[in-house]
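Trainee: quick one, structure for this:
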Amino acid sequence: MIVHLDTRSPVPLFEQLRAQIERLIASGQLRPGTKLPPIRHLATDLGLARATVNKVYDALARDGLVETAGRHGTIVLDGSGVTTTATDLSAAADTLVVIAHQLGLDPTAAHRALDEALRRL
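Mentor: Model prediction:
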(Lines give C-alpha, C1' and ligand atoms only; values in the text may rest on other atoms or scores of the structure.)
Protein backbone atom coordinates (compact mmCIF):
# COMPACT_ATOMS: atom_id res chain seq x y z
CA MET A 1 0.00 0.00 0.00
CA ILE A 2 1.54 3.26 -1.10
CA VAL A 3 0.41 6.50 0.49
CA HIS A 4 2.01 9.91 0.55
CA LEU A 5 1.58 12.29 3.46
CA ASP A 6 2.43 15.97 3.19
CA THR A 7 3.54 17.32 6.55
CA ARG A 8 3.36 20.87 5.18
CA SER A 9 -0.30 20.53 4.23
CA PRO A 10 -2.94 22.17 6.42
CA VAL A 11 -4.92 18.93 6.05
CA PRO A 12 -4.29 16.84 9.17
CA LEU A 13 -2.15 13.72 8.64
CA PHE A 14 -5.00 11.60 10.01
CA GLU A 15 -7.34 12.92 7.32
CA GLN A 16 -4.75 12.55 4.55
CA LEU A 17 -4.17 8.90 5.46
CA ARG A 18 -7.85 8.09 5.90
CA ALA A 19 -8.79 9.66 2.56
CA GLN A 20 -6.00 7.91 0.68
CA ILE A 21 -6.85 4.47 2.05
CA GLU A 22 -10.53 5.10 1.31
CA ARG A 23 -9.66 6.02 -2.29
CA LEU A 24 -7.49 2.90 -2.65
CA ILE A 25 -10.44 0.79 -1.52
CA ALA A 26 -13.00 2.62 -3.68
CA SER A 27 -10.79 2.35 -6.77
CA GLY A 28 -10.24 -1.38 -6.26
CA GLN A 29 -6.51 -1.00 -5.74
CA LEU A 30 -7.09 -2.51 -2.29
CA ARG A 31 -9.36 -5.47 -2.95
CA PRO A 32 -11.75 -7.11 -0.49
CA GLY A 33 -9.86 -9.53 1.73
CA THR A 34 -6.59 -7.60 1.49
CA LYS A 35 -4.85 -7.23 4.83
CA LEU A 36 -3.81 -3.71 5.73
CA PRO A 37 -0.36 -3.29 7.26
CA PRO A 38 -0.26 -3.71 11.03
CA ILE A 39 -0.75 -0.41 12.86
CA ARG A 40 2.75 -0.51 14.31
CA HIS A 41 4.40 -1.07 10.92
CA LEU A 42 2.41 1.59 9.08
CA ALA A 43 3.00 4.11 11.86
CA THR A 44 6.74 3.43 11.75
CA ASP A 45 6.89 3.58 7.94
CA LEU A 46 5.03 6.90 7.83
CA GLY A 47 6.59 8.42 10.94
CA LEU A 48 3.23 8.67 12.69
CA ALA A 49 2.08 7.86 16.17
CA ARG A 50 0.42 4.45 16.48
CA ALA A 51 -2.64 6.19 17.90
CA THR A 52 -3.04 8.15 14.65
CA VAL A 53 -3.01 5.03 12.49
CA ASN A 54 -5.31 3.27 14.96
CA LYS A 55 -7.73 6.21 14.73
CA VAL A 56 -7.66 5.96 10.91
CA TYR A 57 -8.37 2.22 10.97
CA ASP A 58 -11.20 2.77 13.49
CA ALA A 59 -12.75 5.46 11.24
CA LEU A 60 -12.52 3.17 8.21
CA ALA A 61 -14.15 0.38 10.22
CA ARG A 62 -16.99 2.70 11.31
CA ASP A 63 -17.51 3.54 7.63
CA GLY A 64 -17.74 -0.18 6.81
CA LEU A 65 -14.63 -0.21 4.63
CA VAL A 66 -12.48 -2.48 6.78
CA GLU A 67 -12.94 -4.99 9.54
CA THR A 68 -10.55 -5.23 12.43
CA ALA A 69 -10.04 -8.83 13.47
CA GLY A 70 -7.85 -8.30 16.54
CA ARG A 71 -4.60 -10.22 16.27
CA HIS A 72 -5.54 -11.27 12.74
CA GLY A 73 -5.21 -7.71 11.49
CA THR A 74 -7.40 -5.33 9.58
CA ILE A 75 -9.07 -6.65 6.43
CA VAL A 76 -10.50 -4.64 3.54
CA LEU A 77 -14.21 -5.17 2.99
CA ASP A 78 -16.14 -4.68 -0.24
CA GLY A 79 -15.69 -0.99 -1.06
CA SER A 80 -18.21 -0.94 -3.88
CA GLY A 81 -20.55 1.16 -1.77
CA VAL A 82 -18.03 3.97 -1.55
CA THR A 83 -18.98 6.73 -3.89
CA THR A 84 -17.46 10.06 -4.63
CA THR A 85 -20.03 12.79 -4.54
CA ALA A 86 -20.12 16.41 -5.56
CA THR A 87 -19.78 17.18 -1.85
CA ASP A 88 -16.49 15.23 -1.71
CA LEU A 89 -15.16 17.15 -4.69
CA SER A 90 -16.31 20.42 -3.20
CA ALA A 91 -14.51 19.60 0.07
CA ALA A 92 -11.34 18.79 -1.86
CA ALA A 93 -11.63 22.08 -3.75
CA ASP A 94 -12.03 23.93 -0.44
CA THR A 95 -8.85 22.27 0.80
CA LEU A 96 -7.01 23.29 -2.36
CA VAL A 97 -8.14 26.90 -1.94
CA VAL A 98 -6.90 26.98 1.67
CA ILE A 99 -3.54 25.53 0.68
CA ALA A 100 -3.16 27.92 -2.27
CA HIS A 101 -4.01 30.86 -0.02
CA GLN A 102 -1.51 29.73 2.64
CA LEU A 103 1.15 29.43 -0.04
CA GLY A 104 0.38 32.92 -1.24
CA LEU A 105 -0.72 31.79 -4.71
CA ASP A 106 -3.11 33.81 -6.78
CA PRO A 107 -6.09 32.06 -8.43
CA THR A 108 -4.28 31.81 -11.78
CA ALA A 109 -1.36 29.94 -10.21
CA ALA A 110 -3.77 27.64 -8.33
CA HIS A 111 -5.64 26.86 -11.58
CA ARG A 112 -2.36 26.19 -13.35
CA ALA A 113 -1.26 23.78 -10.59
CA LEU A 114 -4.59 21.94 -10.77
CA ASP A 115 -4.42 21.72 -14.56
CA GLU A 116 -0.90 20.28 -14.34
CA ALA A 117 -2.01 17.72 -11.75
CA LEU A 118 -4.91 16.65 -13.94
CA ARG A 119 -2.60 16.21 -16.94
CA ARG A 120 -0.38 13.90 -14.86
CA LEU A 121 -3.27 11.49 -14.24
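
Trainee: can you list the domain ranges for this structure.
Mentor: The chain breaks down into these structural domains: 13-76, 86-120 (assignment by automatic domain parsing).

Trainee: please identify the most buried of the ones you listed.
Mentor: Between the domains of the chain, domain 13-76 has the highest mean count of neighbours, a mean of 16, where neighbours are mean count of other CB atoms under 10 Å. No exception for glycine: its C-beta is placed from N, CA and C like everyone else's.

Trainee: may I have the distance across that domain, first residue to last?
Mentor: In domain 13-76, first residue to last residue: 21 Å (CA to CA, to the nearest Å).

Trainee: about what we covered before: want to throw the domains of the chain into TSV with mean pLDDT and distance to Ile2?
Mentor: Formatted as TSV, the domains of the chain follow (pLDDT from 0 to 100; distance: least, CB to CB, whole Å):
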stretch	mean pLDDT	distance to Ile2
domain 13-76	92	9
domain 86-120	81	16
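
Trainee: now the ones you listed in CSV, with distance to Leu5?
Mentor: Formatted as CSV, these follow (distance: least, CB to CB, whole Å):
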stretch, distance to Leu5
domain 13-76, 5
domain 86-120, 14
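
Trainee: quick one, which of these is nearest to Thr7?
Mentor: Closest approach to Thr7 among the domains of the chain is made by domain 13-76 (7.1 Å; CB to CB).

Trainee: thanks a lot, see you next time.
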